Each structure stands twice: as structure tokens, then as C-alpha cells.
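Q: structural data only, the sequence is not supplied:
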């Protein structure tokens with residue numbers, strides 16, 4: 001310990017030690033600055049990515065399907081074999097050019113879809129539309145369903161599921 005004290009008491013040694021300490025502090029400061037700069041750059045990239053995703057989300061439709069019990073065409077008459085295939089858009093943007101395929105066939109050619117219905121081609125944002133279905137004894141209890149659509153995002157949308165009664 002005395003040797004260290006003696007070394008500092010030598011001429012110019014204390015100034016040299018102070019100089020080395022300043023250089024070390026400058027190097028540490030530069031390293032911290034570069035790391036901080038990189039962190040700030042990465043945070044800016046994350047913020048830009050989130051904003052891009054938010055803007056894209058505003059232009060996307062999200063379609064889902066469900067089979068629910070429906071009302072009978074006769075007012076006040078309930079038939080447990082009547083169902084609806086509900087196409088719901090949970091996205092903010094309208095879906096257009098909608099194509100629904102059930103078990104490999106277009107929806108209006110499916111034997112369960114009641115005749116006289118128009119094909120659903122557009123579903124607005126946060127809304128839904130439905131096809132009226134009718135079942136019978138021995139009909140399939142599950143439907144392989146594929147829905148495709150376009151929206152303002154420019155990316156084609158697709159939803160696949162097996163719907164059951």
C-alpha cells in the first residue's frame with residue numbers, strides 16, 4: 001500500500017494517473033453513448049412497426065363463420081332443424097369479393113342452404129350477414145368451410161374451419 005502512495009507522490013505521476021482515469025471515463029462514456037444510440041434506434045423501429053401494423057389493421061377485414069340456430073320463416077314457429085350460417089366481420093374494414101365454399105362446393109350449391117337467397121359478396125366492418133340453412137335427419141353434422149375475401153389492405157384473406165351443428 002505504501003508503494004502506491006509513494007508512486008503518486010512522485011513528480012507527474014498523479015497527473016498521469018488522473019489522465020488515465022479521464023481516458024477510461026471517456027471510453028466508458030463513448031460505449032454508453034453508442035449503446036444508447038442503438039437502443040434508441042431499435043425503439044424507433046419498434047414504434048414505426050407498431051404504427052404500420054395499426055394502419056394495416058384499419059384496412060383489414062377479419063371474417064369468421066359460425067352455425068347458429070335460426071328462426072323459422074313462419075313468425076312464431078320454431079323448428080329445431082333451422083340454422084343460420086353466420087359470416088361475421090370482426091375487422092374494421094369491409095370485406096368484398098367474398099366466396100364461401102362448403103365441403104368443396106360454392107355455398108349456394110350446398111344442399112343445406114335454402115333456395116332463393118342471394119350470395120353474400122360484401123360484409124361491412126364490425127358487421128355480419130347470414131345464410132339460412134335447413135337440416136334433415138341424416139344430414140352431415142359438420143361442414144368443412146373455406147371463406148376467401150379481399151379488403152383495403154391488398155392482402156387476400158382466408159378463413160378455414162369445420163362447422164358443426
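A: Right, received. Where do you want to start? Predicted model, so just to flag it, every value in this text is computed and none were measured. Residues are numbered from 1 along each chain as shown.

Q: which SS state does the spatially most central residue of the chain fall under?
A: Nearest to the mean C-alpha position of the chain, by Cα atoms, centre = their mean, lies residue 57 at 7.4 Å. Three-state call for residue 57 (DSSP: H, G, I helix; E, B strand; the rest coil): helix.

Q: and residue 66, by the same measure?
A: strand.

Q: residues contacting it?
A: Neighbour list for residue 66: 85-86, 88, 163 [criterion: Cβ atoms under 8 Å, 6 or more residues apart in numbering]. Just so you know, the C-beta spots here come from the backbone N, C-alpha and C atoms, and that holds for glycine as well.

Q: report the buried members of those.
A: Among the contacts of residue 66, the ones that count as buried by 16 or more other Cβ atoms under 10 Å are 85-86, 88, 163.

Q: so can I have a markdown table of those showing secondary structure and pLDDT?
A: Converted to a markdown table, the buried ones among the contacts of residue 66 look like this (DSSP: H, G, I helix; E, B strand; the rest coil; pLDDT from 0 to 100):
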| residue | secondary structure | pLDDT |
| --- | --- | --- |
| 85 | strand | 94 |
| 86 | strand | 96 |
| 88 | strand | 97 |
| 163 | strand | 93 |
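
Q: just to revisit the earlier point, can I assume the residue nearest to the centre of the chain is in contact with residue 51?
A: No. If you go by Cβ atoms under 8 Å, residue 57 and residue 51 don't touch, sitting 10.5 Å apart.
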